[in-house]
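In: Make a model of this:
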Amino acid sequence: MSAPVSSKAPMHPLLAQYIAQLTTNPLRTKALTSGAFSFLQEVIGSNVAGLAPVQTPKDASPLTKSLARARIDSKAFKMALYGIFVSAPLGHLLVGLLQKAFAGKTGLKARLGQLLASNLLIAPIQVTAFLASMAVINGAKSLDEVVRTVKGGFFSVIRVSWIVSPLSMTIAQQFIPVELWVPFFNMIQFTLGTIFNIKVKKMRLAVARKEAEERERERARLATEEQ
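Out: Numbering: from 1, shown residues only. Reported below is the predicted structural model:
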């Protein structure tokens with residue numbers, strides 16, 4: 001999806017530099033972008049969802065306390081590593097194969113074929129890699145735990161991908177210059193990833209609150225029976 005910068009329309013200098021880096025160093029640029037976005041998704045998700053900051057010792061350094069207040073923890077850095085070493089290289093490889101398969105092909109049939117291949121071949125691989133990585137980051141210690149995570153979340157995630165991907169691809173094909181496709185799709189993925197992150201964290205908080213309330217009611221019931 002990388003292409004030379006078009007001279008037909010003015011472009012912000014920073015965006016022009018980013019596009020140039022995509023042309024000269026596509027994998028490195030995508031990896032750094034994905035790592036930064038994955039890191040931000042985790043931090044924004046933790047803050048918006050209202051997660052409590054990690055407790056720090058009284059003698060902790062000011063930097064440690066500042067990171068804790070901002071909800072920047074080890075998981076955020078693990079998400080950055082996922083973006084750099086898993087998400088970006090895998091996407092670069094799969095999209096590159098897709099582009100080669102449809103190189104030089106135009107028209108409605110080619111566009112439909114590209115959409116179908118993206119949704120039925122590429123998306124399932126990326127979703128599986130994402131869920132498996134999230135399982136490991138969240139503490140899965142066995143292959144069975146990873147497989148359960150993938151099975152449990154696969155269809156809910158892939159359904160969203162099947163809805164968003166055709167819409168975003170149609171918008172890109174009709175309104176977005178080819179050289180801006182990568183930044184456009186990056187922003188789509190970042191927005192969706194952040195929304196997913198917030199939703200998952202809020203669900204986990206709700207479950208944790210419910211379990212705490214049930215434990216409190218059980219303790220109250222036992223205390224009443226003992227009296």
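
In: So which residue is dead centre in this structure?
Out: With distances taken as C-alpha atoms, centre = their mean, Gly193 lies nearest the centre of the chain, 4.1 Å away.

In: Not counting its neighbours along the chain, what's nearest that one?
Out: Excluding the flanking residues, the one nearest Gly193 by C-beta to C-beta, 6 or more residues apart in numbering is Gln41, at 4.6 Å. Glycine gets a C-beta too; all of them are placed from N, C-alpha and C.

In: what separates that neighbour from Ala76, distance-wise?
Out: Distance from Gln41 to Ala76, counting by C-beta to C-beta, to the nearest Å: 9 Å.

In: who has more neighbours, the two?
Out: Gln41 (24 against 20; other C-beta atoms under 10 Å).

In: separation between the more buried one and Ile163?
Out: For Gln41, the distance to Ile163 equals 20 Å [C-beta to C-beta].

In: Also Ser46?
Out: When Ser46 is compared with Ile163 (using C-beta to C-beta), they lie 26 Å apart.

In: of the two, who's got more company?
Out: More neighbours surround Ser46 than the other of Ser46 and Ile163, with 22 against 11 (other C-beta under 10 Å).

In: Distance from the chain centre to stretch 157-169, please.
Out: Between the centre of stretch 157-169 and the centre of its chain there are 14 Å (C-alpha atoms, centre = their mean, to the nearest Å).

In: Now the host helix or strand of Leu94: buried residues?
Out: Taking DSSP states H and E as the definition, Leu94 sits inside helix 88-101. Of all the residues in helix 88-101, those buried under the rule 16 or more other C-beta atoms under 10 Å are Ala88, Leu90, Gly91, His92, Leu94, Val95, Leu98.

In: May I ask which two of these are separated the most?
Out: Ala88 and Leu98 (15.6 Å; C-beta to C-beta).

In: so what's Asn138 up against?
Out: Lys75, Thr149 (C-beta atoms under 8 Å, 6 or more residues apart in numbering).

In: before we move on, back to that, quick one, grab the pLDDT at the residue nearest to the centre of the chain.
Out: In the predicted model, Gly193 carries a pLDDT score of 86.

In: which ones are touching it?
Out: Gly193 is in contact with Phe37, Ser38, Gln41, counting by C-beta under 8 Å, 6+ apart.

In: Ala70 now?
Out: By C-beta under 8 Å, 6+ apart, the contact set of Ala70 is Val43, Asn47.

In: quick one, strands of the chain?
Out: Remark: strands of the chain are absent; assignment by DSSP state E.

In: Just want the angle from the helix ranked longest in it to helix 88-101.
Out: Longest helix of the chain, by residue count under DSSP state H: helix 181-226. Counting by axes from the mean of the first three to the mean of the last three C-alpha atoms, to 10 degrees, helix 181-226 lies at 140 degrees to helix 88-101.
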